Every structure is written in C-alpha cells, then in structure tokens.
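Visitor: Sequence first, predicted coordinates after that:
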Amino acid sequence: MATKKLTAEIFKSDIFNYMEEKEWKFKGSRPAIIDFYADWCGPCKMVAPVLEDLSEEFNGELDIYKVDTEVELELSSVFGIQSIPSILFIPKEGVPMMQAGALPKNALKQVIKEQLLAS
C-alpha cells in the first residue's frame, strides 16, 4: 500500500469534518499520518520515500496520506501550515500532534510505535 493523496473532501469524509464538528473526533479505523508538502520543497522530497517505505512496513496498521499544500489551500489553512514539510500524527484515540520539519526514518518509526500503535 502506498501513501494516498488527500483532498479536503476526503479529509472531511474519512478523517474529521471540521465544517460540522468543533471538538476533534477521528473517523478513521486506523491511526494515520498526514504529510503536508509541496513539489518544490527539498526536505519534502527527502521525506517522501521514507513515508512510502513506512506505509509498506506498517501496511494494515496505519494510513499515510499526503496533502499538496499548493493545491489543498483550505486544508493547509485549517491546520495553519506555516512551514513544510509538516507532519500530522493522528492516534485512534486522543488529539493529533503536528511536527514541522523533515524527520529521519528512525524518528518517524519511533513516533509510530510509541504514539500511534502503542495500546
């Protein structure tokens, strides 16, 4: 399974409808990671293959999405994206955590295991 492109419409139907809900309520069945990126961004290009690897390694355990900040202006605005890459970690229970910057694979893996898949 590869990373999936995410639009505002898919986000509202599958993850969280920020138009209708005030309090965070995750709709997904598995934890998720959302990578906010742009095609021209060097660090984003470094993170992309790492996220692809992780999506295969944790296939069936979590979903990994990509949001093109140049295209999905509404979604970028909702999350107040100021710098890219910005990575949103969404546990099944609890509040999502945003991390700005390109994280190395071992750091991403640690967050996945300790924050998203620990139960």
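Guide: Yep, it's here.
Visitor: Remind me which helix or strand the residue nearest in space to the middle of the chain belongs to.
Guide: In the chain, the centroid-proximal residue (C-alpha atoms, centre = their mean) is residue 34; its distance is 1.0 Å. Per DSSP states H and E: residue 34 is located in strand 32-37.
Visitor: quick one, the helix or strand just after that strand and strand 32-37 angle?
Guide: Going down the chain from strand 32-37, the next helix or strand is helix 42-57, by DSSP H and E. Note on geometry: by axes from the mean of the first three to the mean of the last three C-alpha atoms, to 10 degrees, helix 42-57 and strand 32-37 are set 160 degrees apart in direction.
Visitor: And helix 42-57, what's buried?
Guide: Using 16 or more other C-beta atoms under 10 Å as the test for burial, helix 42-57 gives 44, 47-48, 50-51, 54-55. To be clear about C-beta, it is placed using only N, CA and C from the backbone, and glycine gets the same treatment.
Visitor: List the contacts of it.
Guide: Residues outside helix 42-57 that contact it (C-beta atoms under 8 Å, 6 or more residues apart in numbering): 1-3, 33, 35, 37-38, 64, 66, 84-85, 87, 101-105, 108-109, 112.
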